[in-house]
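> With the input below, show me the fold.
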Amino acid sequence: MKGSSVLDKMRAICLALPDTKETLTWGQPHFRVGEKIFAGCGEEKGRAVIGFKLDMDHADAIIQDPRFWRAPYVGHKGWVSMDAGAVDDWSEVRPLVLESYRLIAPRRTVARLEGGAPPKAARAKKITKNIARKKITSKKTTSKTAKASRARRP
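Below you'll find the model as predicted:
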């Protein structure tokens with residue numbers, strides 16, 4: 001990636017992940033998984049900047065490094081900005097972008113990234129919700145049917 005622009009380097013990292021795309025948002029290139037932003041690239045105060053979301057504890061720790069700061073407007077949610085000009089080794093950016101992707105992407109997409117099925121707990125929870133929803137619906141239907149048949153009786 002030597003000699004590539006910051007945007008080219010971010011494209012190489014972000015678009016290699018499943019279900020990602022680049023969009024122009026707020027006049028800057030952003031990378032989305034599905035319809036949700038997980039990374040961005042742009043300019044702040046005249047310098048090239050990249051941004052991504054981190055776990056809050058990780059974000060709190062990383063902003064101690066002068067290359068990082070809380071992103072405007074969304075820093076309180078774990079989003080950080082990084083001075084792209086201060087990146088010596090883009091292989092250190094890749095895990096930060098991947099962390100953001102994992103926090104933003106749907107579980108099924110993350111599972112595909114890891115080469116497996118969605119976590120069993122997630123599937124079980126979804127199945128349980130569907131069963132509960134069907135029971136509620138069938139109770140309402142049964143109740144309406146019972147009322148209707150009682151109303152028809154002489």
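> ranges for the strands of this structure?
For the chain, the strands defined by DSSP state E occupy 20-25, 28-33, 36-44, 47-53, 68-70, 79-83.
> Of all those, which one is nearest residue 104?
Across the strands of the chain, residue 104 has its closest neighbour in strand 36-44 (4.1 Å, Cβ to Cβ). C-beta coordinates here come from the backbone N, C-alpha and C atoms, glycine included.
> and the closest one, which strands flank it?
Strand 36-44 sits in its sheet next to strand 28-33 (antiparallel), strand 47-53 (antiparallel), going by DSSP bridges.
> Buried ones in it, by neighbour count?
Neighbour-count burial for strand 36-44, counted by 16 or more other Cβ atoms under 10 Å, picks out 37, 38, 39, 40, 41, 42.
> before we move on, back to that, nearest to residue 14, out of the strands of the chain?
Short answer: strand 28-33, nearest of those by Cβ to Cβ, at 3.8 Å.
> Check which residues of that closest one are buried.
29, 30, 31, 32, 33.
> coming back round to it: tabulate the strands paired with strand 36-44 (JSON lines), appending distance to residue 85 and mean pLDDT.
Shown next, in JSON lines, are the strands paired with strand 36-44 (distance: least, Cβ to Cβ, whole Å; pLDDT from 0 to 100):
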{"stretch": "strand 28-33", "distance to residue 85": "16", "mean pLDDT": "97"}
{"stretch": "strand 47-53", "distance to residue 85": "6", "mean pLDDT": "96"}
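> JSON lines for those, including distance to residue 86?
JSON lines is the format used below for the strands paired with strand 36-44 (distance: least, Cβ to Cβ, whole Å):
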{"stretch": "strand 28-33", "distance to residue 86": "19"}
{"stretch": "strand 47-53", "distance to residue 86": "9"}
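> can you tell which of these is closest to residue 73?
Closest of the strands paired with strand 36-44 to residue 73 is strand 47-53, at 10.7 Å (criterion: Cβ to Cβ).
> Give me the residues contacting that closest one.
Contact partners of strand 47-53, identified using Cβ atoms under 8 Å, 6 or more residues apart in numbering, comprise 6, 10, 38-43, 59, 71, 74, 77-85, 87, 93, 96-97, 99-100, 103-104.
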